[in-house]
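Trainee: Whatever this is, show me its structure:
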Amino acid sequence: MSIQPIAPLEAASADRMPELAQPAQGVDFSAVVGGGLQQLDQSLAQADAQVRALAAGQDVPVHEVMIALEQARVDMTFAVEVRNRLLESYQELTRMQL
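Mentor: Residues are numbered from 1 along each chain as shown. You can find the predicted model right below:
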């Protein structure tokens, strides 16, 4: 009976999780932020359009208007929190001593 050698860590992880063997693709930060802002703008525009339609007396279900408003509020809250975290990170980087 012989002892088998231990495989290198890279080979072992590539065998179990092939996605780790592939080099990571870079993500364009400005594209991610831009896409998030476009989604926020669409959400706000949709909520505004539904509120205007309801105020104009069109046959718009009130629950759909409320859902659109709540979705816009959640999206706006998320965008503000992301902005706050980015600002905090930037301020922390500027306080670092080199």
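
Trainee: Buried residues, the helix or strand where S43 lies. List them.
Mentor: Element membership of S43, judged by DSSP states H and E, is helix 29-55. The neighbour-count criterion (16 or more other CB atoms under 10 Å) identifies S43, L44, A47, Q50, V51, L54 as the buried residues of helix 29-55. C-betas here are computed from N, CA, C, even on glycine.

Trainee: Turn those into CSV, including distance to V74 and pLDDT.
Mentor: Conversion of the buried residues of helix 29-55 to CSV gives the following (distance: CB to CB, whole Å; pLDDT from 0 to 100):
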residue, distance to V74, pLDDT
S43, 9, 96
L44, 11, 96
A47, 11, 97
Q50, 15, 96
V51, 16, 97
L54, 20, 96
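
Trainee: So, low pLDDT: which residues of this protein?
Mentor: Counting by pLDDT under 70, the chain contains low-confidence ranges at 1-24.

Trainee: In contact with the most centrally placed residue in the chain, which residues are there?
Mentor: Within the chain, the residue whose C-alpha comes closest to the C-alpha centroid is G36; the distance, by CA atoms, centre = their mean, is 6.8 Å. Applying CB atoms under 8 Å, 6 or more residues apart in numbering, we find G36 in contact with A79, V82.
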